[in-house]
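Chemist: prediction below, plus the sequence it came from.
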Amino acid sequence: MAQRFGGRFSPDMRRQDGNLNPVPVAPIRHRLAGRPKYVTLAAVPLLFGAFFQDPTGMAGNLAAFGMIAGAMWMTGQGLAAEAAYEVRRVARRPAIPRKLFGGVLAGLGLGVGVAEPGSLMGAGAVGVTGLVLHWLAFGSDPMRDKGMAGTDGFQQDRAQKMIDEAETHLAQMRDAIRRAGDRWLDARVDRFAATVEELFDRVRSNPGDLSAARRYMGVYLVGARDATVKFADLYRQTRDPATRTSYETFLDDLEQDFSAKSQRLLEGDRTDLDIEISVLRDRLAREGVRSDEPGRLDAPRTETARFLDGLLTPGRDKAR
């Protein structure tokens, strides 16, 4: 559906209370996301040329175009998964290496497109070249988890399952608000979703916080989705300003609650870090690495101890 252009100083772009529209949250997009469609366009001659060949050649050209188009679709999905992986502090590697499969499928498509009787070696060389060029153009898939060292795998799986369900609720909430046909409300819900994503990020980095955030990611988010669905259906029919104001106030309150919860979880992580550092300091002191006399440090006996001592006492060199 076409949408009217609007900017900061465009008419009707201010709310009744005089505040400007919320800054839209840019969707996650890979910098190479536009490349696959150009490769698909470059393969269009295979599609048109198929109708000027014998049945065998037609089947080969159609199959080659289908493979290349499918490979580019799979590559686009891989780029989207990589973009989501890059923006998160804690993330699992993609379960399916889509870009790798896309490169293999693109190489097969090129090989089939140039294959002729008695020229299998040449077709194979073209296919391998296409695979290499695909890797040079789009890179490889993330092959390792990020920021998950030392975390409990079972707890991480439970947290990720809960996050996946919560992201489904967010997606349904976005779909519902689009039915209202209001760009300001679309941007407002996107801003709320960004706040919720911060809570997801906290839970990913520390799955032990799942129990504390479960009600927010479940009950509260489901309630926000249901309220958004009902509001969108009602507002699309009535365009009642009072109903809109009530919904915006609801989103403001809910966003503040989610933001406060994320901040409390962050403060809890800092407290845990302070406790870990304090315990490690006491352990070093008991092993004779640190002197009990304040202001004095004994020389650490091992390289590891010296590293830890320097890490825990950043002002040591200045004191000397």
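Modeler: Okay, I see it.

Chemist: count the neighbours of residue 68 for me.
Modeler: Applying other Cβ atoms under 10 Å, we find 28 other residues in the vicinity of residue 68. Backbone N, C-alpha and C define where each C-beta goes, glycine included.

Chemist: quick check: it touching residue 38?
Modeler: No - in this structure residue 68 lies outside contact range of residue 38 using Cβ atoms under 8 Å: 11.7 Å.

Chemist: any idea how far residue 146 is from the residue nearest to the spatial centre of the chain?
Modeler: In the chain, the centroid-proximal residue (Cα atoms, centre = their mean) is residue 84; its distance is 2.4 Å. For residue 84, the distance to residue 146 equals 11 Å [Cβ to Cβ, to the nearest Å].

Chemist: go on, residue 131?
Modeler: 26 Å.

Chemist: so if I had to pick from the two, which one is more boxed in?
Modeler: Between residue 131 and residue 146, counted using other Cβ under 10 Å, residue 131 has the larger neighbour count: 20 against 15.

Chemist: what strand or helix carries that one?
Modeler: Using DSSP states H and E, residue 131 sits in helix 120-138.

Chemist: list the contacts of the closest residue to residue 221 other than its chain neighbours.
Modeler: Sequence neighbours aside, residue 169 is the residue nearest to residue 221 in space, at 4.6 Å (criterion: Cβ to Cβ, 6 or more residues apart in numbering). Contact analysis of residue 169 by Cβ atoms under 8 Å, 6 or more residues apart in numbering lists 221, 222, 224, 225.

Chemist: got CSV for the residues you listed, with secondary structure and distance to residue 52 too?
Modeler: Converted to CSV, the contacts of residue 169 look like this (DSSP: H, G, I helix; E, B strand; the rest coil; distance: Cβ to Cβ, whole Å):
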residue, secondary structure, distance to residue 52
221, helix, 56
222, helix, 57
224, helix, 57
225, helix, 53
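
Chemist: can you pick out the most distant pair from those residues?
Modeler: The largest separation in these, counting by Cβ to Cβ, is between 222 and 224 at 7.3 Å.

Chemist: more neighbours: the two, which one.
Modeler: A side-by-side neighbour count of residue 222 and residue 224, using other Cβ under 10 Å, places residue 224 first with 22 against 15.

Chemist: against residue 192, how distant is the more buried one?
Modeler: Counting by Cβ to Cβ, the gap from residue 224 to residue 192 is 8 Å.

Chemist: give me the common contacts of those two.
Modeler: Taking Cβ under 8 Å, 6+ apart as the contact rule, residue 224 and residue 192 both touch 251, 254.

Chemist: please, where are all the helices along the chain?
Modeler: 35-42, 44-49, 55-87, 98-114, 120-138, 153-178, 183-205, 210-215, 221-238, 241-286, 303-312, 316-319 (DSSP state H).

Chemist: the nearest residue to residue 97 once chain neighbours are set aside: how many residues sit nearby?
Modeler: Excluding the flanking residues, the one nearest residue 97 by Cβ to Cβ, 6+ apart is residue 141, at 4.1 Å. Counted with other Cβ under 10 Å, residues neighbouring residue 141 total 20.
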